[in-house]
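>>> Quick check, what structure comes out for this input:
(2 chains)
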Number of protein chains: 2
Amino acid sequence: MLKSALAQAHSNIALIKYWGKRQESLKLPQNGSISLTLDALWTRTRVSFDENLETDQLWLNGERASALQTLKVHKFLNLIRQTYGLSLAAQIQTENNFPTGAGLASSASGFAALALAATSAAGLHLSQEELSRLARQGSGSACRSIYGGFVEWQRGESELGQDSFAVPLDEKPDWPLLMAVLVLNDSPKALSSGDGMAQTVATSPLYPAWLASIESDLAQMRAAIQAKDFTALGSLMEHNALKMHATALAARPSVIYWQPVTLALIARVEKIRASGLECYLTIDAGPNLKVLMQEKDWPQFQAQLRDLPEIKQVIPARPGPAAFLCEPF
Amino acid sequence: MLKSALAQAHSNIALIKYWGKRQESLKLPQNGSISLTLDALWTRTRVSFDENLETDQLWLNGERASALQTLKVHKFLNLIRQTYGLSLAAQIQTENNFPTGAGLASSASGFAALALAATSAAGLHLSQEELSRLARQGSGSACRSIYGGFVEWQRGESELGQDSFAVPLDEKPDWPLLMAVLVLNDSPKALSSGDGMAQTVATSPLYPAWLASIESDLAQMRAAIQAKDFTALGSLMEHNALKMHATALAARPSVIYWQPVTLALIARVEKIRASGLECYLTIDAGPNLKVLMQEKDWPQFQAQLRDLPEIKQVIPARPGPAAFLCEPF
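Predicted coordinates for the structure are as follows:
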């Protein structure tokens, strides 16, 4: 039995957002979502089951992780241990090649890599569907990072979540797209995505209208991806993201992830677009913008951001691969 | 027949917002609204009908007004002329004691003062209800500035708008409230309230949910005013305003009236409130905040804003009076 495995999974950014759980512990979503997996942002995780360990140990970017981070990973490994009848504790070494905790979906790539590494180290050969269902229980959006390219997370109907997993829409799109991740010099967010979602579902009078609009958004997004219609994809992505933040803004108390610079950058993207460079933004549960454009426009777009000192880093990303093992299995 | 009259009307700030017309030319609203008339912000307008004039002439703060401003006033006077069988052109001198066009409801006080001055100059003695219905057709929210204190604009059902006018809820509230108007050094808004409303009604998938929530907001606000429950009034006012901006944010394209400093000030108000000074914000179709507090907290609140150079001016306002004639009639 193999006791150690190293896996890599890539972050994904939702084009149609997941916002709100219908069941907390199984992380079952209120609505389906569609994402793009990114090549430039990834997590690499080694899981080593070790009979000499008394409890799980987590190392994050070379340092011992916090108690809270360790607990989340411990619970996830317990789920695997219980499901597959294992008993050993593990050492987990995980590394992100991008800023952690800056609202860049590190939990998506993190739990996808962990699911693949842990099950492989345990000698299991799970299908992508099984891995996606498992990763979902670590962090909802992690189920999408099992696949590359354009991915849809199907909401499902089952109370046990058997039908709530991701499926590929176009794993290797032949489409020169570029998503610029604008990393701001921001302070950590005061409200986690999970808490912000829960507060929105419980108190926003606009939430039912958000939900009612999603099936149509999903259908239009699938069509835009299939037709490679950049304008349709981009404008719908931007609308869907702003609609999600609008729904949260109407919660009571209000859920606001934006910082002043977020608004400045929204205005800037609108200005760049009005000048003829077609680009569209999306924002997750944090202050950072991601801007989608066509590869040909990237040099000119970059030049337009030079006067903005608030942007700490701009990471250009293209469609990325499915989660994979870094060593022969 | 009296040919000249001078009237004063006060700006009002909605606690439950009016957002969206169900009929454009008569300015019939989609929803009812509740406001507070403010003492500190007013418009004073003299209307002089003059048989020597060929057309209406508008002077704003001592200068000839723009063609667009003059046209709006001309159309409103035409409405009065047609309704009451008048034919003379008028000279209109109007003056605001506060920044015009900075999103401080100058059209509300403006059309209320104009309705009272013009009908008085024409020798008419309209009731407050008639004046309110008339002022509404100049600028919707002007119908509320006919009354002082807390005012409700009843949506009405009639296609001709006969039942769409304001009524007083508490004209002279015995309640030491203070609304601080924070004037930012802002650029003019790119989208008028009217255009922003129309775009929201036509394209925001959240708009029906906003509308569906208003009857309950109105009932709770009436109850809070009657009970003089500051916490209930303030927190509902803030929630309602953010919900309105949320509804607009989800329009397609998005309607955003906020500037970066708006978000900074929202965070500041939350921080001041968390520190124990109870205050609540509201925002109209512009970047400026209005903050409601109890009179006793005003000195301390003022001190909390000293480090914010973006705020050009802070105007403290208390509940204000009904529109009135400045000379004996």
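
>>> Can you pull the poorly scored residue ranges out of the stretch 1-150 of chain A?
By pLDDT under 70, the weakly predicted segments of the stretch 1-150 of chain A are A:1-2, A:100-105.

>>> Just the element for A:E157, please.
Under DSSP states H and E, no helix or strand contains A:E157.

>>> for it, what are its contacts?
A:D163 (CB atoms under 8 Å, 6 or more residues apart in numbering or on different chains). Backbone N, C-alpha and C define where each C-beta goes, glycine included.

>>> Got the phi and psi for it?
For A:E157, the backbone dihedrals (degrees, to the nearest 10) come out as phi -120, psi -20.

>>> swap in A:F301?
Per-residue torsions, A:F301: phi -60, psi -50 (degrees, to the nearest 10).

>>> near chain B, which residues of chain A show up?
A:205-206, A:208-210, A:212-213, A:235, A:238-239, A:242-243, A:245-247, A:249-250, A:252-254, A:256, A:258-264, A:266-267 (CB under 8 Å from any CB of the partner chain).

>>> Buried ones among those residues?
By neighbour count, with 16 or more other CB atoms under 10 Å in any protein chain shown, these hold A:205-206, A:209-210, A:213, A:235, A:238-239, A:242-243, A:245-247, A:249-250, A:252, A:254, A:256, A:258-263, A:266 as buried.

>>> What about those residues, which are in helices?
Judged by DSSP state H, these include A:209-210, A:213, A:235, A:238-239, A:242-243, A:245-247, A:249, A:260-263, A:266 as members of helices.

>>> all helices for chain A, in order.
Along chain A, the segments classed as helices by DSSP H run A:67-84, A:106-121, A:128-136, A:193-203, A:207-227, A:230-249, A:260-274, A:298-303.

>>> Please list the outside residues in contact with the fourth one.
Pointing back at helix A:193-203 there. Identification of contacts with helix A:193-203 by CB under 8 Å, 6+ apart yields A:19-21, A:24, A:30, A:191, A:207, A:247-248, A:251-253, A:255, A:257, A:284-285.

>>> Name the residue of the stretch 51-200 of chain A that lies nearest to chain B.
A:A190 (9.8 Å; CB to the nearest CB).

>>> quick one: that residue and A:Y257, what's the gap?
9 Å (CB to CB, to the nearest Å).

>>> Now do the contacts for A:A223.
By CB under 8 Å, 6+ apart, the neighbours of A:A223 are A:229, A:232.

>>> ok, 10 Å please
Contacts here follow CB atoms under 10 Å, 6 or more residues apart in numbering or on different chains; on that basis A:A223 touches A:229, A:232-233, A:236.

>>> for A:R81, same thing?
So A:R81 contacts A:49, A:56, A:87-90, A:118, A:122 (CB under 10 Å, 6+ apart).

>>> same thing with A:D39?
Here A:D39 is in contact with A:10-11, A:148, A:179, A:316-321 (CB under 10 Å, 6+ apart).

>>> Need the pLDDT of the residue nearest to it when sequence neighbours are not counted.
The shortest distance from A:D39 to any non-neighbouring residue, by CB to CB, 6 or more residues apart in numbering or on different chains, is to A:G320 (3.6 Å). With respect to pLDDT, A:G320 scores 98.

>>> Surely A:G320 touches A:G149?
Yes. Between A:G320 and A:G149 there is a contact under CB atoms under 10 Å: 7.7 Å.

>>> returning to that earlier point: check the burial of the residue nearest to A:D39 by counting its neighbours.
When neighbours are counted by other CB atoms under 10 Å in any protein chain shown, A:G320 registers 23.

>>> And it, how far from chain B?
A:G320 sits 28 Å away from chain B, going by CB to the nearest CB, to the nearest Å.

>>> how about that residue, phi and psi?
According to degrees, to the nearest 10, the main-chain angles of A:G320 amount to phi -110, psi 180.

>>> where's it relative to A:T94, distance?
Noted for A:G320: a distance of 18 Å to A:T94, by CB to CB.

>>> A:E51 too?
Distance, A:E51 to A:T94, using CB to CB: 21 Å.

>>> same check, this time on A:W298
Distance from A:W298 to A:T94, by CB to CB: 30 Å.

>>> Which one's more surrounded, those two?
A:T94 (25 against 17).

>>> Mind listing the residues bridging to the more buried one?
A:T45, A:L60 (DSSP bridges).

>>> Would you mind confirming that it is in contact with A:S48?
No. Applying CB under 10 Å, one finds A:T94 not in contact with A:S48, separated by 11.9 Å.

>>> shared neighbours of those two, which are they?
Overlap of the contact sets of A:T94 and A:S48 (by CB under 10 Å, 6+ apart) consists of A:A117.

>>> about what we covered before: who are the contact partners of the residue nearest to A:D39?
Contacts of A:G320 (CB under 10 Å, 6+ apart): A:9-12, A:36-42, A:109, A:145, A:147-149, A:179.

>>> hmm, 8 Å instead?
Counting by CB under 8 Å, 6+ apart, A:G320 has contacts A:10-12, A:37-42, A:148-149.

>>> are any of those residues buried, and which?
Buried among the contacts of A:G320 by 16+ other CB under 10 Å: A:10-12, A:37-38, A:40-42, A:148-149.

>>> and the closest residue to A:K17 other than its chain neighbours, how many neighbours does it have?
Once flanking residues are discounted, A:K17 sits nearest to A:M244: 4.5 Å by CB to CB, 6+ apart. When counting by other CB under 10 Å, one arrives at 27 neighbours for A:M244.

>>> confidence score at A:M244?
98.

>>> do A:D307 as well
For A:D307, the pLDDT comes out at 88.

>>> related to what we said a few turns ago, ok, A:A190 and A:Y257, which is more surrounded?
Between A:A190 and A:Y257, A:Y257 has the larger neighbour count (other CB under 10 Å), namely 21 against 11.

>>> so the more buried one makes contact with A:A246?
No. Contact criterion CB atoms under 8 Å: A:Y257 and A:A246 do not qualify, at 11.9 Å.

>>> Kindly provide the distance from the residue nearest to A:I16 when sequence neighbours are not counted to A:R64.
Spatial nearest neighbour of A:I16, excluding adjacent residues (CB to CB, 6+ apart): A:I34 at 4.4 Å. As judged by CB to CB, A:I34 and A:R64 stand 37 Å apart.

>>> higher neighbour count, these two?
Set A:I34 next to A:R64 and count neighbours by other CB under 10 Å: A:I34 wins out with 27 against 11.

>>> who touches that one in this structure?
By CB under 8 Å, 6+ apart, the neighbours of A:I34 are A:14-16, A:150-153, A:169, A:218, A:221-222, A:225.

>>> Same check on A:T55?
Counting by CB under 8 Å, 6+ apart, A:T55 has contacts A:74, A:89.

>>> State the distance from it to A:Q137.
A:T55 is 20 Å from A:Q137, by CB to CB.

>>> Could you do A:F49 as well?
Look at A:F49 and A:Q137: by CB to CB, they are 19 Å apart.

>>> Chain A - how does it break down into domains?
A:4-174, A:177-317 (automatic domain parsing).

>>> okay if I get those domains as a markdown table plus distance to B:Q302?
Shown next, in a markdown table, are the domains of chain A (distance: least, CB to CB, whole Å):
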| stretch | distance to B:Q302 |
| --- | --- |
| domain A:4-174 | 35 |
| domain A:177-317 | 22 |
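
>>> So for B:E159, which of those domains sits nearest?
Closest of the domains of chain A to B:E159 is domain A:177-317, at 27.2 Å (criterion: CB to CB).

>>> Now do A:A219: how many residues are near it, please.
Neighbours around A:A219, by other CB under 10 Å: 11.

>>> Would you enumerate the residues in contact with it?
A:A219 is in contact with no residue at all, counting by CB under 8 Å, 6+ apart.

>>> Please apply the same query to A:L126.
Applying CB under 8 Å, 6+ apart, the residues near A:L126 are A:115, A:119, A:134.

>>> before we move on, back to that, name the nearest of the contacts of helix A:193-203 relative to chain B.
Relative to chain B, and with distances defined as CB to the nearest CB, the nearest of the contacts of helix A:193-203 is A:R252, at 4.9 Å.

>>> pLDDT at that closest one, what is it?
Per-residue confidence (pLDDT) for A:R252: 97.
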